[in-house]
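# With the sequence up front, the predicted model follows.
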Amino acid sequence: MDKLTKIFHQVINEIKKIDIKYGINLNDFHNLLFVISILFGLLFLFYIVFIFFTIFLKKKKTYNIVLLLGPCDSGKTTFLFKLKINKLCRTVPSMKENIAFINIKDKKKNKSIKFVDFPGHPKLSYGIEKYLSITNVIIYILDSSDRQSLKIVAEKLFELFMNKTVVKRQIPFIICCNKTDLCNSRPKQVIKEDLEREIEILKMSKNKGLDNDEYTEENEYFLGQNSEFFRFEKAPCHIEICSASVKDDNIEEIIDLVKKFY
Ligand SMILES: Nc1nc2c(ncn2[C@@H]2O[C@H](COP(=O)(O)OP(=O)(O)OP(=O)(O)O)[C@@H](O)[C@H]2O)c(=O)[nH]1
Ligand SMILES: [Mg+2]
């Protein structure tokens, strides 16, 4: 305690010297107030810096997900395991998300990217929304041999293009036509054209059914271009289409696109 009062007196003496030097005449009480206000000022400054750092670091931490979407059985979990352990694994239909950190080698450095494999079962789709606000890229995996599911894929893509968060954050899409090793698989260009046709039908029927007050800022552009036929190039977000066969270890095209967007 003695030491503290000594230091305090020293500080006051120093301030007095400065007072005399510059002709300011403050008494001890004023000096005390001056020291206390400086200390509070410094404390406040540290607090502000701390708040800024926590907000900035938190943002950086959360905006780093690659979200795997697509219908049941299209190969999302198989793809995730292939990336993680470089093996073809037996899978069962997912009932909840699978999450894995994958190291992707880039020209400059090794990036650790968080992949979230979201189950394709339609009953679970309500949970997608919480991931959209922290997603950097969506990889939409479909089975290129499955003609039946194309309508469902088109509906899901249409829903995503109308989604507020997707449009606001301009999340890029990689549509991956998987299972190209199967003999009845179809080329990506054919699938692209089929999807565009299906989405155009959905767009037209949505346009007819909408009242004027149902238009929102986000979907007005997308739905408003009534005369133009829908093309992926004109979608509300950037879209790339690639083919892959997880089974045949043919996944380079997807990885290159992830590197491009991430
Ligand atoms: N021929 C072939 N089969 C594949 C390929 N990729 C995945 N599969 C098979 O497709 C089936 C379904 O794969 P999953 O990875 O479980 O599918 P999923 O998309 O996770 O399905 P949900 O979890 O139900 O949403 C499995 O039997 C896989 O072995 C591929 O490139 N070629
Ligand atoms: Mg799965």
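Looks like it came in fine. Residues are numbered from 1 along each chain as shown. Ligands and ions are numbered 1, 2, ... in the order given.

# Next one: the residue in the stretch 151-262 of the chain positioned nearest to ligand 1, what pLDDT does it get?
Nearest to ligand 1 in the stretch 151-262 of the chain, going by C-beta to the nearest ligand atom, is residue 247, at a distance of 3.4 Å. Where you see a C-beta, it was placed from the backbone N, CA and C, and this is true even at glycine. pLDDT for residue 247: 96.

# What of residue 216?
The model's pLDDT for residue 216 equals 58.

# Mind picking out the helix or strand in the chain with the poorest mean pLDDT?
Using mean pLDDT, DSSP states H and E, helix 217-224 stands out as the lowest-scoring helix or strand of the chain, at a mean of 57.

# strands paired with the helix or strand following that helix, and their directions?
Counting by DSSP states H and E, the element after helix 217-224 in chain order, helix or strand, is strand 239-243. Sheet pairing of strand 239-243 (DSSP bridges) gives strand 173-178 (parallel).

# wait, does the partner strand contact ligand 2?
No: judged by C-beta under 5 Å from the ion, strand 173-178 stays clear of ligand 2, getting no closer than 12.3 Å.

# what's around residue 86, how many residues?
Residue 86 has 8 neighbouring residues, counting by other C-beta atoms under 10 Å.

# pLDDT score assigned to it?
Reported pLDDT for residue 86: 91.

# again, but for the one 10 residues further on
In the predicted model, residue 96 carries a pLDDT score of 94.

# So it sits against residue 118, correct?
No: the criterion here is C-beta atoms under 8 Å, and residue 96 misses it with residue 118 at 9.1 Å.

# Among the two, which residue is more densely surrounded?
residue 118 (21 against 10).

# which residues touch that one?
Contact partners of residue 118, counting by C-beta atoms under 8 Å, 6 or more residues apart in numbering, are 67-69, 76, 97, 124, 127-128, 131.

# Going by neighbour count, which of those comes out on top?
residue 76 (29 neighbours).

# residue boundaries of the strands in the stretch 101-250 of the chain?
For the stretch 101-250 of the chain, the strands defined by DSSP state E, counting those that start in this stretch cover 110-117, 135-143, 173-178, 239-243.

# Packed most tightly, which of these would that be?
Comparing those by mean neighbour count (mean count of other C-beta atoms under 10 Å), strand 173-178 comes out on top with a mean of 26.

# circling back to that earlier point, let me have the strands of the stretch 101-250 of the chain in CSV, extended by mean pLDDT.
Conversion of these to CSV gives the following (pLDDT from 0 to 100):
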stretch, mean pLDDT
strand 110-117, 90
strand 135-143, 96
strand 173-178, 97
strand 239-243, 96
